[in-house]
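Participant: have a look; sequence and predicted model below, questions after that.
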Amino acid sequence: MFKKFIFLFIFTSSLITANELSFNEVAQLENGSYKISFNLDKVAYIKSYSENDPNKIILDVHDTVIVKKFNKKFNFPIKEINIVNDENITRLVVDLYEPVFWQKPKQEKIDNLIEVSFDIERKRNLKTNKRDVIVAIDAGHGGKYPGAVGPNNILEKDVTLLIAKELERTLQATEGYKAVMIRDGDNTISLNKRYQDARKYGADIFISIHADGFRLSSVKGASVFIWSEESSSTIARNLSDKKREKIQAEIKNIEPYDFNDDEARYKYPEIYKNKIKQSRNLGVKILDQLKRDPYTHIHKENVEYADFRVLKSVDIPSVLVESGFITNPEDAKRLKGKPGRRMIARSIFLGIHSYFKDYPIKGTFSENYIGHVTYTIQKGDVLSEIAIRFGVTVNEILDLNNIDERSLYIGQKIKIAI
C-alpha cells in the first residue's frame, strides 16, 4: 500500500509541471510543400487526424497548455491556424482551401525544446485529405548487443536487420505506406529509445523483429508476441527474463523530455486497453501469414504474451516477431539465406496489409481499399522476386496490368492484387 502511494504521488507530481505549447512557423519547402511546426517542452501524446468538407487537419496534443489562444490567417493552401485549450488538451486546427496530402507530426529534440512538425502537400486530383500509414520497423539488437549466436557465428542482430530492410523495401515502394527504421545500421539502441522513437516518428504500428536462441537446439520455429506482464509459455518467460535485468536499468534512464509510457498506462487506461486489443489483431494477421509460408516452421500456433519492453507503448499497436531460433540448425540455415528472410518479410508485410484492410485508418488508402496496391518498380527489381514478395504469380501481375515482362522500367507503377 505504501509503495502504491509513493508511485501515485510521483505520478501526480510529474503531471503538475505543464508541457507548454508555442506556435513556431509555416515554412514553404524547396519541393513546394509546407512545413507547419510548433514547440513543446517535452514529447507528448498526440492524436492527429483530418476532416473533409470543410478540409481540416487537427492535432490533439494531450497534457499541454498554451499561454494564450492562437489564431492567424495564412496564404493558399492554408486558410488559417487556430490553437485553443480544451481542459488538458491543446487542439491545433489547420483550415485548408482544398484537400492535401499530409504527414503525421514528428517530434524532434532541438536544443532545449521538442519541435513538432508535419508537412502538407498539394496534389492533383486529390478529393479528400490523405496521408500514408506509418510502420515503425525495429531490427532487434545491434551494435554492442549481438543477440543470439547460431552455427557458423550467425548473429541475431545481422539477421534481424536484413529482414527489416527487406520489409522496408516493400513498404516504401508500395503506395500508401511509409516505413521508418528504428535501426538502419549496426548501431546500439536502448530499449526505451526503440519504442519512444516510434512515437517521435508518428508511427501507426510498431514491428520488432528478432531471431532468438534457446539452450536446446531442438527448439525451432517462428512466433508472434504482444505485451503482457504475465508470459504465456515457458519459452516466452525465458525470453523475457533474459532481458529483465537490462530493462530494470533502462527504466531509470528515461530522459526528462521523453514521454513516460509507464505512467501513461495509468492515465489513459482505455487507450491502453484498445492498444492491446489492436496489437493482438495485428499479431494474429501476421501469424496467419507465417503459417501459410511452406518453408517456415511455426513454434506456437497462437499469439504469445511476454514482458518485452519494446512493446510498451501506451497507444501504438506493437508486436514482436520471432523469425525463428538461430540456435536451431534448420532455422539458422533458413534465416542465413535471402529466400528465407524474404519469406519472413513477406509474411509480416501481408499480415500488416491484411490488418489495415480489416481495421482501416480514416484518411489513408485503407479506408476505401480497392482490391490492389500500387507498387513502383525499383532499381534491381525482377518481376519474379516482386511476385514472391507479394505472394502472387508473375502471370497474375502481367494480366492485371496488361503488360509484357520485357516492358518493365524503373519508376513504373504496377498494380498487385492482394
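Facilitator: Cool, the structure landed. Numbers count the residues shown, from 1 in each chain.
Participant: every contact and neighbour count from this point should use C-alpha atoms.
Facilitator: Noted.
Participant: and the closest residue to A417 other than its chain neighbours, what pLDDT?
Facilitator: For A417, ignoring the flanking residues on the chain, the nearest one in space by CA to CA, 6 or more residues apart in numbering is H372 at 4.0 Å. The score at H372 is 96. That number is its pLDDT.
Participant: tell me, how many neighbours does H372 end up with?
Facilitator: 12 (other CA atoms under 10 Å).
Participant: phi, psi for it please.
Facilitator: phi -150, psi 160 (degrees, to the nearest 10).
Participant: now do the same contact list for it.
Facilitator: Each residue near H372 by CA atoms under 8 Å, 6 or more residues apart in numbering is listed here: K415, I416, A417, I418.
Participant: and those, which is closest to I89?
Facilitator: I418 (39.7 Å; CA to CA).
Participant: contact partners for the residue most central in space within the chain?
Facilitator: Nearest to the geometric centre of the chain sits A136, at 2.7 Å (CA atoms, centre = their mean). A136 is in contact with A179, V180, M181, I182, A198, Y201, A203, D204, I205, F206, I207, counting by CA under 8 Å, 6+ apart.
Participant: which of the residues you listed fall within helices?
Facilitator: A198 (DSSP state H).
Participant: let me know the closest of the contacts of A136 to E255.
Facilitator: Taking those together and measuring to E255 by CA to CA, the closest member is A198, at 15.7 Å.
Participant: give me the pLDDT value at the closest residue to that closest one other than its chain neighbours.
Facilitator: Leaving aside its chain neighbours, A198 sits nearest to A136 (5.8 Å; criterion: CA to CA, 6+ apart). Per-residue pLDDT puts A136 at 98.
Participant: kindly report the same for the one 4 residues further on.
Facilitator: According to the predicted model, the pLDDT of G140 comes to 95.
Participant: so how far is R122 from it?
Facilitator: To R122, G140 is 37 Å away according to CA to CA, to the nearest Å.
Participant: repeat for G142
Facilitator: From G142 to R122 the distance is 39 Å (CA to CA).
Participant: neighbour-wise, which of those two wins?
Facilitator: Each of G142 and R122 has its neighbours counted (other CA under 10 Å); G142 has more, 22 against 16.
Participant: for that one, list each beta-bridge partner.
Facilitator: Y145 (DSSP bridges).
Participant: who touches stretch 198-209?
Facilitator: With CA under 8 Å, 6+ apart, stretch 198-209 has contacts from 43, 104-108, 133-140, 160, 163-164, 180, 182, 195, 310-311, 316-323.
Participant: which of those fall in helices?
Facilitator: T160, I163, A164, Y195.
Participant: tell me the one of these nearest G340?
Facilitator: When those are compared for distance to G340 (CA to CA), I163 wins out at 9.3 Å.
Participant: let me see the contact set for that closest one.
Facilitator: Neighbours of I163 in contact, by CA under 8 Å, 6+ apart: A139, I209, R341, R342, I344, A345.
Participant: thought the fourth one was touching A164?
Facilitator: It stands for R342. No - in this structure, R342 is not within contact of A164 by CA atoms under 8 Å, at 9.7 Å.
Participant: the two: which is more packed in?
Facilitator: More neighbours surround A164 than the other of R342 and A164, with 30 against 21 (other CA under 10 Å).
Participant: mind listing the helices for this protein?
Facilitator: 2-16, 156-172, 191-200, 234-251, 261-267, 269-292, 329-336, 338-358, 383-390, 394-401.
Participant: adding mean pLDDT, write these out as CSV.
Facilitator: Below are the helices of the chain laid out as CSV (pLDDT from 0 to 100):
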stretch, mean pLDDT
helix 2-16, 43
helix 156-172, 97
helix 191-200, 94
helix 234-251, 57
helix 261-267, 92
helix 269-292, 97
helix 329-336, 94
helix 338-358, 97
helix 383-390, 95
helix 394-401, 96
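Participant: okay if I get those as a markdown table plus distance to E25?
Facilitator: Below are the helices of the chain laid out as a markdown table (distance: least, CA to CA, whole Å):
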| stretch | distance to E25 |
| --- | --- |
| helix 2-16 | 28 |
| helix 156-172 | 29 |
| helix 191-200 | 19 |
| helix 234-251 | 35 |
| helix 261-267 | 29 |
| helix 269-292 | 31 |
| helix 329-336 | 48 |
| helix 338-358 | 33 |
| helix 383-390 | 42 |
| helix 394-401 | 44 |
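Participant: which among those is found nearest to E51?
Facilitator: Of these, nearest to E51 by CA to CA is helix 338-358, at 19.6 Å.
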